[in-house]
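# predicted model and sequence below, questions to follow.
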Amino acid sequence: MMKAVIRVGKGFELALYLLYELFVSSFRVAWEVVTVRTYSRPGIIAVPLDVRSDLGITLLANLISLTPGSLSLEVSPDRRVLYVHVMFIDDAESERSNIKNNFERRVLEVVE
């Protein structure tokens, strides 16, 4: 019973984080569209996965794709790497770390 309550709380935390990311990234993409100067530096990064379940991988990939400026491209055949296209990539390692420490960590707390 207590574990279910904790998961619901973590799910709520994940939803709030998604709303925050939607707001910030929507503003950043909109700013890119309305300004003359181009700030985007697109790239593809490989994110090693700690999440193992089909539900967890699907949820993570969809959350990334829902966020403007990023798109999940593919999961490796061994399901250990997720390839993500990022519109604003200044440092690949910081982008990878952001996905792992924010989205993936929260998904693991809810699903696994």
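Good, I have the coordinates.
# name the residue closest to the centre of this structure, please.
Nearest to the mean C-alpha position of the chain, counting by C-alpha atoms, centre = their mean, stands I64 at 3.5 Å.
# now stretch 74-93: how far from the chain's centre is it?
The chain centroid and the centroid of stretch 74-93 are separated by 10 Å under C-alpha atoms, centre = their mean, to the nearest Å.
# could you list the buried residues of it?
By 16 or more other C-beta atoms under 10 Å, the buried positions in stretch 74-93 come out as 75, 82, 84-89. In short, each C-beta sits where N, CA and C put it, glycine included.
# in TSV: the residues you listed, plus secondary structure and pLDDT.
Formatted as TSV, the buried residues of stretch 74-93 follow (DSSP: H, G, I helix; E, B strand; the rest coil; pLDDT from 0 to 100):
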residue	secondary structure	pLDDT
V75	strand	97
L82	strand	97
V84	strand	97
H85	strand	97
V86	strand	95
M87	coil	92
F88	strand	90
I89	coil	90
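# want to throw those residues into CSV with distance to E32?
Conversion of these to CSV gives the following (distance: C-beta to C-beta, whole Å):
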residue, distance to E32
V75, 28
L82, 24
V84, 18
H85, 15
V86, 13
M87, 8
F88, 8
I89, 13
